[in-house]
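Peer 1: sequence unavailable; structure follows:
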């Protein structure tokens, strides 16, 4: 079954709005296969304890890309799934039952207090206007979540491990020897400005999240921020 695109209009990209770069998407495709990405996302959801949640919860993946996260949720038994991403090209690669929307995370196409879970697995660090866009996105998430709803986040975090990976990917020799590392560096090159402003300013990020949500789980390890907050 293919995804149903409701309101399949690509959001107009004004100055300062998130853009979808073809070169970035090519590097993203080289970084890992859809199967590898699904396995990674499924492992993350299990780490968060999502297997213990009610399978009838309504779940939205923002920055859903080609839908690997949606498939991971589905494989864990969740049925009420939706995705949102600014890239119509990436969404078109998704093949599954979830409803998908070409939409900006700062203006989500959902009613107030209408969803149980919103997840983002690598997207907030693409937002151009920091920290204002993070605040706008968090405000939208909070608007859409039902009372008691959860916001699940996995994003890059400037741990020692991540710094070591960046040091390795800066080596031309290492990039020639490992295509995944080369793809990682290409991704970084194309998103350097937004990525660096995200990873070098952890304090305002945590301040926004902790003010908006009751923290249920917050861990930083292996180059990632792993967060669940509740409304």
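Peer 2: Sure thing, it's come through. Everything numeric in this text was worked out from a predicted model, so none of it was measured.

Peer 1: so residue 190 sits right up against residue 24, yeah?
Peer 2: Yes. Here residue 190 lies in contact with residue 24, judged by CB atoms under 8 Å, at a distance of 4.1 Å. For the C-beta atoms, the positions are set from N, CA and C on the backbone; glycine is no exception.

Peer 1: over to residue 37. Which of the three states is it?
Peer 2: The three-state label given to residue 37 by DSSP: H, G, I helix; E, B strand; the rest coil is helix.

Peer 1: ok, now which ones touch it?
Peer 2: When contacts are counted by CB atoms under 8 Å, 6 or more residues apart in numbering, residue 37 touches 66, 68.

Peer 1: point me to the residue sitting farthest from the middle of this protein.
Peer 2: Distance from the C-alpha centroid of the chain, by CA atoms, centre = their mean, peaks at residue 173 (30.2 Å).

Peer 1: and that one, how far is that from residue 182?
Peer 2: Remark: distance between residue 173 and residue 182 (CB to CB, to the nearest Å) = 11 Å.

Peer 1: and residue 175, what does it touch?
Peer 2: Taking CB under 8 Å, 6+ apart as the criterion, residue 175 is in contact with 169, 181, 182, 185.

Peer 1: for the first one, which non-adjacent residue is spatially closest?
Peer 2: The shortest distance from residue 169 to any non-neighbouring residue, by CB to CB, 6 or more residues apart in numbering, is to residue 185 (4.0 Å).

Peer 1: same check on the third one?
Peer 2: Leaving aside its sequence neighbours, residue 182 sits nearest to residue 175 (CB to CB, 6+ apart; 4.0 Å).

Peer 1: name the helix or strand for the one you found, please.
Peer 2: In this assignment (DSSP states H and E), residue 175 forms part of helix 172-177.

Peer 1: what about the lengthiest strand in the chain, average pLDDT?
Peer 2: Assignment by DSSP state E gives strand 145-156 as the longest strand of the chain. The average pLDDT within strand 145-156 is 98.

Peer 1: likewise for stretch 100-117?
Peer 2: Mean per-residue pLDDT for stretch 100-117: 97.

Peer 1: done for today, thanks.
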